[in-house]
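Student: Sequence first, predicted model second:
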Amino acid sequence: MYIEQLYTTCLAEAAYYIESEGEAVIIDPLRETAPYLALAQQRKAKIKYVFETHFHADFVSGHIDLAKKTGAAIVYGPQANTHYEVINATDGQVFSVGKIKFKVLHTPGHTPESSCYLLFDEKGQEHAVFTGDTLFVGDVGRPDLLDGVMTREELASMLYDSLNNKLKTLPDAVIVYPAHGAGSACGKNIGKETFSTIGEQKKYNYALQEQTREEFIAKVTDGILPPPAYFFEDARINKEGYTSIDEVIKQNSKPLSLTEFKEAIVKGALLLDTRKPDDFEKGYIPSSLNIGLNGQYAVWVGTLIDIKQPLVLVAEEGKEEEAVLRLARVGYENVIGYLKHGVTAWDGKLETVRSIAAEDMKVEIKRGLKALDVRRPGEWEASHLKAASFVPLANFPKALDVLEKQHPYLVHCAGGYRSMIAISLMRRSGFTGELVNVYGGYGAIQQTDLEKVNADTACADN
């Protein structure tokens, strides 16, 4: 038996390759098929099944393309009504792969069709469970993605039963392999580890502690941030089907002349600059939105840009196809093309962003600049500058009305990636005051003597 977790950090997503006796299973694959095909070829195995734990909302699965290329059967749990051919497994149904077996555990709660796959090894022992978005390390899947069809309370009640009747009853030594890690919006506060055990989760996961149904529902539904708008479109795509990823990359990876690039912008395309913040600040085309490939690129595109919005790209040369692929992973396929030769092809004036070290903030604050924190609410609550304004990047651009567009701001996040996104969005939104980026973000600010408020002391820290 061979198990490999294929973890994609920028999406905080885990797919799985499991093999026995030359037969393999892929669980929750990303949209591109090449990594799974290459692994199977390298190990001289044939992919027999593609197991899907649910209709993913935060990425487009590669299950359809993978099935077409390998002849593998796509397997969903109960209540998964698709527009293409799949095996709708029943609760408890067993699938054989070489000398190992998988048992389907229907675990509704995150979504009605959510299912886990319990792996039995060659000796028939319960070895691991692939939990999708039902159970994470330190968290569980959000139960609010079907509001209007089912309430979050109804789904949370279903999740309570799934956890207590299906997962907590497994042996403590069973390995837990979830679909997501830290940073995913599919949970509230997922732990940094990408796998665990049932025993560890029973000890430390708040959702697996002994509690009443009412207590569980209250905890699981409390503090859930609104889901990114693209979640619902991705779930629809996964249910109904999609254009082949190979065709999408071919159509969207078009080099554009400067004239074609400008014409697309005039017609309404949004200019997405995918370079690193450090490169963007040195010179960018006016009205660009910077979301760099060096961070959670697809997640922030999905959070901040309408999925139907036409896009034109500026990328570091050689990175254009990567930018297109990572957009396609989350269902963004309306890419007109990219500017050939990147920002160097631009014939007009480039704009810049000034960045400073955290230790220089005090001087800038005395000059009249106000600190603006764009991190997540949980980060802000843990510790923040006492005098800072707070607008989470995920709430941009709608929440920017609380700020003065003529006022100068020192913009920071945790490390410097999100702050440049924020500054580019603010400039696109008509902010005319000086906008200064803080290198190293709050990580660097914590090393200064600027006055802070910390959750553990609930008082100013000098």
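Tutor: Received the coordinates, thanks.
Student: where do the strands sit along the stretch 201-350 of the chain?
Tutor: 255-256, 270-273, 289-290, 311-314, 335-339 (DSSP state E, counting those that start in this stretch).
Student: Including mean pLDDT, could those go into TSV?
Tutor: Converted to TSV, the strands of the stretch 201-350 of the chain look like this (pLDDT from 0 to 100):
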stretch	mean pLDDT
strand 255-256	98
strand 270-273	98
strand 289-290	98
strand 311-314	98
strand 335-339	98
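Student: Please tabulate those in a markdown table, including the columns distance to residue 405 and mean neighbour count.
Tutor: The C-beta positions use only the backbone N, C-alpha and C, and glycine is treated the same way. Converted to a markdown table, the strands of the stretch 201-350 of the chain look like this (distance: least, CB to CB, whole Å; neighbours: other CB atoms under 10 Å):
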| stretch | distance to residue 405 | mean neighbour count |
| --- | --- | --- |
| strand 255-256 | 32 | 16 |
| strand 270-273 | 20 | 23 |
| strand 289-290 | 17 | 24 |
| strand 311-314 | 25 | 24 |
| strand 335-339 | 29 | 23 |
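Student: And those strands: which comes nearest residue 34?
Tutor: Nearest to residue 34 among the strands of the stretch 201-350 of the chain is strand 335-339 (19.5 Å), distances taken as CB to CB.
Student: ok, the closest one: who's next to it in the sheet?
Tutor: Strand 335-339 pairs in its sheet with strand 255-256 (parallel), strand 311-314 (parallel), by DSSP bridges.
Student: got any ranges where the stretch 351-462 of the chain has weak pLDDT?
Tutor: 456-462 (pLDDT under 70).
Student: show me where it has strands.
Tutor: 354-356, 370-373, 383-385, 389-390, 409-412, 435-438, 452-454, 459-461.
Student: So which of these has the densest surroundings on average?
Tutor: Sort these by mean neighbour count, taking mean count of other CB atoms under 10 Å, and strand 409-412 sits at the top with a mean of 27.
Student: That one: how far from the chain's middle?
Tutor: 25 Å (CA atoms, centre = their mean, to the nearest Å).
Student: How about stretch 397-406?
Tutor: Centre-to-centre, stretch 397-406 and its host chain are 26 Å apart (CA atoms, centre = their mean).
Student: before we move on, the earlier item: wait, which of the strands paired with strand 335-339 is closest to residue 139?
Tutor: Across these, closest to residue 139 is strand 311-314 (CB to CB), at 32.2 Å.
Student: Give me the contact list for that closest one.
Tutor: Residues from elsewhere that reach strand 311-314 (CB atoms under 8 Å, 6 or more residues apart in numbering): 256, 261, 264-265, 269-275, 284-285, 288, 305, 320, 323-324, 327, 332, 334-339, 342-343.
Student: Determine the number of other residues adjacent to residue 147.
Tutor: 12 (other CB atoms under 10 Å).
Student: and it, how far is that from residue 4?
Tutor: Using CB to CB, to the nearest Å, residue 147 is found at 36 Å from residue 4.
Student: Right, I'll call it a day here.
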